[in-house]
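# From the sequence below, what's the structure:
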Amino acid sequence: MRRNDREITNQEAIEAFIAKEQILRIAFCEEGDIYIVPVNYGYTCENGRYTFFFHGAKAGRKYELAKSLPKVGFEIDGKYTLLEGESACEFSATFQSVIGTGTLCLVSDRDEKIQGLNAIMKQTTGKADWSYEDAMLEAVAVFRLDVEKMSCKAK
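Just a heads-up that it's a prediction; the model follows:
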C-alpha cells in the first residue's frame, strides 16, 4: 500500500466495516479482458481468515469464469463523504475500502450451501437462520471466495 498512513490494520475495525456494507465486487481476468461484477455477499471470519459467499445462476459469464478462472480480485467500498473546497483541486472525499485476492469455488455440499446462503441473508437482513427448499438449493449456484490477501484503507 502506497499510503501506509491510511492503512487500517485493526481487525475489529475491518470486520465492522465488512459487516456493515452490502456490495462486493468480483474481478475476473480472461485473456486480458477484465470483467467486474457487483454481488450481494455474506461472510465468515475464522481465526482471522475471511470467506465470502455470494449466489447466482448456474449459467452465464460469472458462473463459467468461476469454474475456469477461479483466481479473482475483490473490492468493497463505503463510508463515502464528499469534502467540498473553494476550487476543483481542493475537493476531496473520505471513504473506506477493502481490496484483495482469493480463489473462488462453487459450493456443492448441501450444508455448506445453506451456510453460505445464511451468511448472505444475515448480511442483507440481519437474520441468519433460514430454511431452503431442496429444489431451490439445487437450482442456485453458491460461490465461496477464500481470501488469500486483503488490505483495508480509509481516508
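# Next one, pLDDT for the residue nearest to residue 90 when sequence neighbours are not counted please.
Spatial nearest neighbour of residue 90, excluding adjacent residues (C-beta to C-beta, 6 or more residues apart in numbering): residue 84 at 8.0 Å. Just so you know, the C-beta spots here come from the backbone N, C-alpha and C atoms, and that holds for glycine as well. pLDDT for residue 84: 92.
# for residue 147, same thing?
We note a pLDDT of 98 for residue 147 in this prediction.
# And residue 18, by the same measure?
For residue 18, pLDDT reads 96.
# count of residues packed around it?
Residue 18: 20 surrounding residues under other C-beta atoms under 10 Å.
# same question, residue 80
A count of neighbours around residue 80, defined by other C-beta under 10 Å, yields 11.
# a helix runs through it, doesn't it?
No. Secondary structure of residue 80 (DSSP: H, G, I helix; E, B strand; the rest coil): strand, not part of a helix.
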